[in-house]
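[1] Everything below, folded, please.
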Amino acid sequence: FERMKALKALSSGEDCVVIAPVSAVLKKVAPHRTLAERKIKAAVGDTLELLELRERLSAMGYENMTLVDGRGQFSMRGSIVDIFTPDADYPYRIEFFDDEVDSIRSFDIDTQRSVENLKEVTIFPASEIINDRELYAKAAAKIEKEYTEAARRLDRNGTDEARAAAARLSERKNELMEYMSEGISMLLMENYIHYFYDDAEYIWQYLGKDSVIMIDDPDRVHEAMDFRNVEIREDFAVLMEKGYAAPEDFKIHLTRGEYFSIYNQDSVYIFTPFKKQIKGIDEYSQIHSVLSKQTPVFNGRMDIFESELKSYVKHGYEVTVVCSTDERLENLSEFTERIGLDGKIKLVRGELTSGIEFPEHKVCYVRDEDIFGGQKKKKTRKSESSSVGQKLTHFSDLKNGDYVVHETHGIGIYQGTKRLTSEGASRDYLLVQYLGSDKLYIPVDHLDRIQKYIGGGEDAPVRLNKLGGDQWQKTKAKAKAAATDMA
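    Model (predicted):
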């Protein structure tokens, strides 16, 4: 939901900073008009029909739950409607008197206690694809046409492998049609967003007139983009050859020419370590050289740190010390007060990879790790599937028939490795069988995406997930709720 949070902020003109890696820029998103047209505004005193509200929330990608426990969910209990939007810190509780909004407040999920009383709230979609009958019919017609033509081309090839691939492509088409007819698997369908919207956009096209785009080291961006596009093309070639994708599917991804259009925006700032010509840019309106250097590392020598701080202040520097914990923030506050620099040094909570100084502007940022020494161990996000999975270090840790857990798609059966060749290039894949005929080919260098299933014991029955279904998401949500209850 982080992407929906960013898209909502951009489309509504909020003051915000969006940091987007190359992978986020490469993929098309829904046109910004979709979010604006489908939002729901509710204010105290407004009249809203509850049944219509439920239908609109479901169409906007919200999951109807008994109790809300995560973003993208809503629940209805009598005259009370709880909604957790992708951009909110807390869910909203709207109470009705008949069809009239009686009160709106945010509340804490764990305690169910109110956090803040509100006069109004704006609810944006939780999914880029709106469950609209006309929209789905349009996408279904396009998929029907593209997949049918691709299957015919394979079938005309005449080989047994090509005919088998054509049959698989027809099966895949029928699965996608089933998803759309039932309005399920919206997350999966976002990979086909260009079938739904002729005017699908890239994230920078959401920016308003006064927005600013900053590109850090465009040469590296180009390299990463080219590498990722080559990888995507190779994957698509294999999928098309085996009958799991149609050529039109590839058009969701950014081309180099489309990326270069970003430089046509009104305010674009380029950050590069060297003064050089950048691909896609004919001329610069201005060039600025920014002198910077890394701040000293003190390794616990507080006497040297004190001397350096006083030198910075004496020479008119604006000094900001960035602290990664509240304890260090408090300790350094006491320290600056003790050495007579209280109010002259800015202390903030945050994270820096290193300190930096800008001598020409007399500004510097010092990170706490450079003050106290030692490298604080980074907290790693625990995989959502780790409660049922065991981390793998090499695909040889698996044997055919082992149950595995994919972080996105859930539980399947490992069927060994397959070397697939396309356009003269060969690559090894892990083959995972899901419910029915669903199969997933995972590049061996993406081993970190799966874990060995350990489940609830040897005698516990194992239920395979359907590729693209929503059962795995529900399973993770239940596990999270159970963990919260235990806590």
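[2] need the helices for the stretch 51-200 of the chain, in chain order.
    Along the stretch 51-200 of the chain, the stretches classed as helices by DSSP state H, counting those that start in this stretch are 133-157, 160-182, 186-189, 193-196.
[3] Relative to residue 367, tell me which of the ones you listed wins on proximity.
    helix 186-189 (37.2 Å; C-beta to C-beta). Quick note: C-beta positions are derived from backbone N, CA and C, even for glycine.
[4] can you give me the mean pLDDT across that closest one?
    Helix 186-189 carries an average pLDDT of 67.
[5] Please apply the same query to stretch 266-277.
    Averaging pLDDT along stretch 266-277 gives 84.
[6] who touches that stretch?
    209-219, 262, 278, 281, 284, 287, 289 (C-beta atoms under 8 Å, 6 or more residues apart in numbering).
[7] Buried among those residues? Need that as a selection in ChimeraX.
    Those of the contacts of stretch 266-277 that count as buried under 16 or more other C-beta atoms under 10 Å are selected in ChimeraX with:
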select :215,218,262,278
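[8] In strands, which of the contacts of stretch 266-277 fall?
    213, 214, 215, 216 (DSSP state E).
[9] Turn these into TSV, including distance to residue 28.
    Shown next, in TSV, are the ones in strands among the contacts of stretch 266-277 (distance: C-beta to C-beta, whole Å):
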residue	distance to residue 28
213	18
214	22
215	19
216	22
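[10] can you redo those as CSV with distance to residue 250 and pLDDT?
    CSV is the format used below for the ones in strands among the contacts of stretch 266-277 (distance: C-beta to C-beta, whole Å; pLDDT from 0 to 100):
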residue, distance to residue 250, pLDDT
213, 26, 92
214, 29, 93
215, 25, 92
216, 27, 90
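[11] on that earlier part again, if you average pLDDT over each of the helices of the stretch 51-200 of the chain, which is lowest?
    helix 186-189 (a mean of 67).
[12] Distance of residue 214 relative to residue 410?
    Distance of residue 214 to residue 410, given as C-beta to C-beta, to the nearest Å: 38 Å.
[13] Okay, now the sheet partners of the strand or helix carrying residue 418, with direction.
    Following DSSP states H and E, one finds residue 418 within strand 410-422. Strand 410-422 pairs in its sheet with strand 403-406 (antiparallel), strand 425-433 (antiparallel), by DSSP bridges.
[14] Report the buried residues of it.
    Per 16+ other C-beta under 10 Å, strand 410-422 contains these buried residues: 410, 411, 412, 413, 414, 415, 417, 420, 422.
[15] okay, now the closest residue to residue 81 other than its chain neighbours: neighbour count?
    Distances taken as C-beta to C-beta, 6 or more residues apart in numbering place residue 94 nearest to residue 81, at 4.6 Å, with adjacent residues excluded. Residue 94 has 25 neighbouring residues, counting by other C-beta atoms under 10 Å.
[16] which residues does residue 94 contact?
    For residue 94, the contact set (C-beta under 8 Å, 6+ apart) comprises 42, 80, 81, 82, 83, 101, 103, 104, 121.
[17] Pretty sure the fifth one sits against residue 124.
    Same thing as residue 83. No. Assessed by C-beta atoms under 8 Å, residue 83 is found out of contact with residue 124, at 10.7 Å.
[18] Got phi/psi on residue 346?
    phi -90, psi 130 (degrees, to the nearest 10).
[19] Quickly note the distance from it to residue 337.
    Noted for residue 346: a distance of 14 Å to residue 337, by C-beta to C-beta.
[20] coming back round to it: any idea which of the helices of the stretch 51-200 of the chain gets closest to residue 58?
    Judged by C-beta to C-beta, the one of these that comes nearest to residue 58 is helix 186-189, at 10.3 Å.
[21] quick one on the thing from earlier: quick one: the helices of the stretch 51-200 of the chain as CSV, columns for mean neighbour count and distance to residue 15 too.
    Compiled in CSV, the helices of the stretch 51-200 of the chain are given as follows (neighbours: other C-beta atoms under 10 Å; distance: least, C-beta to C-beta, whole Å):
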stretch, mean neighbour count, distance to residue 15
helix 133-157, 16, 31
helix 160-182, 17, 37
helix 186-189, 20, 29
helix 193-196, 22, 27
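[22] Throw those into a markdown table and include distance to residue 203, thanks.
    Supplementary listing: these in a markdown table, determined by distance: least, C-beta to C-beta, whole Å:
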| stretch | distance to residue 203 |
| --- | --- |
| helix 133-157 | 21 |
| helix 160-182 | 25 |
| helix 186-189 | 18 |
| helix 193-196 | 13 |
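[23] nearest to residue 437, of those?
    Closest to residue 437 of those, according to C-beta to C-beta: helix 160-182, at 6.2 Å.
[24] hey, C-alpha coordinates of that closest one in PDB?
    This file holds the C-alpha atoms of helix 160-182, laid out as PDB (Å, rounded to 0.1, in the frame of the first residue of the first chain):
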ATOM      1  CA  ASP A 160       4.400 -30.300 -30.200                       C
ATOM      2  CA  GLU A 161       6.000 -27.900 -27.800                       C
ATOM      3  CA  ALA A 162       4.300 -24.900 -29.500                       C
ATOM      4  CA  ARG A 163       0.900 -26.600 -29.500                       C
ATOM      5  CA  ALA A 164       1.300 -27.300 -25.800                       C
ATOM      6  CA  ALA A 165       2.200 -23.700 -25.200                       C
ATOM      7  CA  ALA A 166      -0.800 -22.600 -27.200                       C
ATOM      8  CA  ALA A 167      -3.000 -24.700 -25.000                       C
ATOM      9  CA  ARG A 168      -1.400 -23.300 -21.800                       C
ATOM     10  CA  LEU A 169      -1.900 -19.700 -23.100                       C
ATOM     11  CA  SER A 170      -5.600 -20.400 -23.700                       C
ATOM     12  CA  GLU A 171      -5.900 -21.800 -20.200                       C
ATOM     13  CA  ARG A 172      -4.100 -18.700 -18.800                       C
ATOM     14  CA  LYS A 173      -6.500 -16.500 -20.800                       C
ATOM     15  CA  ASN A 174      -9.500 -18.300 -19.200                       C
ATOM     16  CA  GLU A 175      -8.000 -17.900 -15.800                       C
ATOM     17  CA  LEU A 176      -7.700 -14.100 -16.300                       C
ATOM     18  CA  MET A 177     -11.200 -14.000 -17.600                       C
ATOM     19  CA  GLU A 178     -12.400 -15.800 -14.500                       C
ATOM     20  CA  TYR A 179     -10.600 -13.300 -12.200                       C
ATOM     21  CA  MET A 180     -12.200 -10.400 -14.000                       C
ATOM     22  CA  SER A 181     -15.700 -11.800 -14.100                       C
ATOM     23  CA  GLU A 182     -15.500 -12.500 -10.400                       C
END
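[25] what's in contact with it?
    Residues contacting helix 160-182 (C-beta under 8 Å, 6+ apart): 136, 139-140, 143-144, 147-148, 150-152, 154-155, 157, 185, 188-189, 192, 241-246, 437-438, 468.
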